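Enquirer: give me coordinates for this.
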Amino acid sequence: MNTRAPAANTSHGILEALAEGVCRRAFSSPEAFLYEVTIARALAKVVEPLIEERLTGDRCLDVGSGGGLIAHAISQSGRREVVGIDPSDAQVRRFARRNRNDASTAVIQARGEDLPFGSDTFDSLYSSCTWKHWPDPARGVAECVRVTRPGGPIVIIEIDGASDAETFRQFAYSSQVPFGLRNAYVRFALRTVVGVAPDQTALADSFATVSVHDLTITKLDNLPFLAAVANAG
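Expert: As a prediction, the model looks like this:
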């Protein structure tokens, strides 16, 4: 009578392990390529305007900069210096190639939980869909606050772990995932990426031990993303 229960538990455990394996590490070169040709541009189109309107000052840090799409757009639109960091060697190389003619951008291979900068180094800081990749999100947030000058804006955007399938599907269909693979991609993402992404409470809790002002956590309208915005203390 109980023969089905262990199979369900085993399946759930496998999905949890898969989610952790997919997200809690730097992208390999094939993963970075797939991300670039499927989701990266759709994501940048959504989040870049939201980030840009909140930045202040002349120097900002992009934590988890990936291939540099957002950094390039922000450096061009605001004429700011943008420094990117990413743990993936493949993404760092892609960022450098994309921005090779842009003297206002630079990239360093590093992890968000150990930022290689002194305290109060940057006027602004943003991070797009990186929170879920940090093994210790609270430490990642603490590092973001540490390197941002007092009063400087911090913007962290992440997939909403409470997203429903339809909202995520609508976003996925706006990406460059080949038509015949979209349903498979949505099913995979809902079981892995969304599975380790925070809901509003978890995202807020990751700020619990740091000194920030005016923290707000909002869900983007009709999109499977959350935005945490605060000023460094």
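Enquirer: can you show me the strands along this protein?
Expert: Counting by DSSP state E, the chain has strands at residues 59-63, 81-86, 105-109, 124-128, 153-159, 212-219, 225-232.
Enquirer: so what strands line up beside the fifth one?
Expert: So the one you mean is strand 153-159. Strand 153-159 has its sheet partners listed here by DSSP bridges as strand 124-128 (parallel), strand 225-232 (antiparallel).
Enquirer: picking that back up, distance to Val196 and mean neighbour count added to the strands of the chain, as TSV?
Expert: Where you see a C-beta, it was placed from the backbone N, CA and C, and this is true even at glycine. Output for the strands of the chain, formatted as TSV (distance: least, C-beta to C-beta, whole Å; neighbours: other C-beta atoms under 10 Å):
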stretch	distance to Val196	mean neighbour count
strand 59-63	18	25
strand 81-86	18	24
strand 105-109	23	19
strand 124-128	16	27
strand 153-159	9	24
strand 212-219	18	13
strand 225-232	14	22
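Enquirer: Arg146: which of those strands is closest?
Expert: Among the strands of the chain, strand 225-232 comes nearest to Arg146, with 8.4 Å by C-beta to C-beta.
Enquirer: quick check: mean pLDDT of the closest one?
Expert: Averaged over strand 225-232, pLDDT sits at 98.
Enquirer: related to what we said a few turns ago, mind putting the strands paired with strand 153-159 into a markdown table with distance to Ala106?
Expert: Formatted as a markdown table, those follow (distance: least, C-beta to C-beta, whole Å):
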| stretch | distance to Ala106 |
| --- | --- |
| strand 124-128 | 15 |
| strand 225-232 | 21 |
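Enquirer: between those, which gets nearest to Arg80?
Expert: Closest approach to Arg80 among the strands paired with strand 153-159 (C-beta to C-beta): strand 124-128, 8.0 Å.
Enquirer: so which residue is dead centre in this structure?
Expert: Nearest to the mean C-alpha position of the chain, counting by C-alpha atoms, centre = their mean, stands Cys129 at 1.5 Å.
Enquirer: ok so, going back, now render the strands of the chain as TSV, adding distance to Val145.
Expert: TSV is the format used below for those (distance: least, C-beta to C-beta, whole Å):
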stretch	distance to Val145
strand 59-63	11
strand 81-86	15
strand 105-109	19
strand 124-128	8
strand 153-159	7
strand 212-219	6
strand 225-232	5
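Enquirer: of those strands, which approaches Val141 most closely?
Expert: The closest of the strands of the chain to Val141 is strand 153-159. By C-beta to C-beta, the value is 7.2 Å.
Enquirer: ok and the closest one relative to strand 59-63, angle-wise?
Expert: Strand 153-159 runs at 20 degrees relative to strand 59-63, counting by axes from the mean of the first three to the mean of the last three C-alpha atoms, to 10 degrees.
Enquirer: still on that earlier bit, gap between the residue nearest to the centre of the chain and Val193?
Expert: 9 Å (C-beta to C-beta, to the nearest Å).
Enquirer: can you list residues touching both of those two?
Expert: Taking C-beta atoms under 8 Å, 6 or more residues apart in numbering as the contact rule, Cys129 and Val193 both touch Ile159.
Enquirer: for burial, what's the neighbour tally of the closest residue to Ile159 other than its chain neighbours?
Expert: Leaving aside its sequence neighbours, Ile159 sits nearest to Ala197 (C-beta to C-beta, 6 or more residues apart in numbering; 4.0 Å). For Ala197, the count of nearby residues is 24 (other C-beta atoms under 10 Å).
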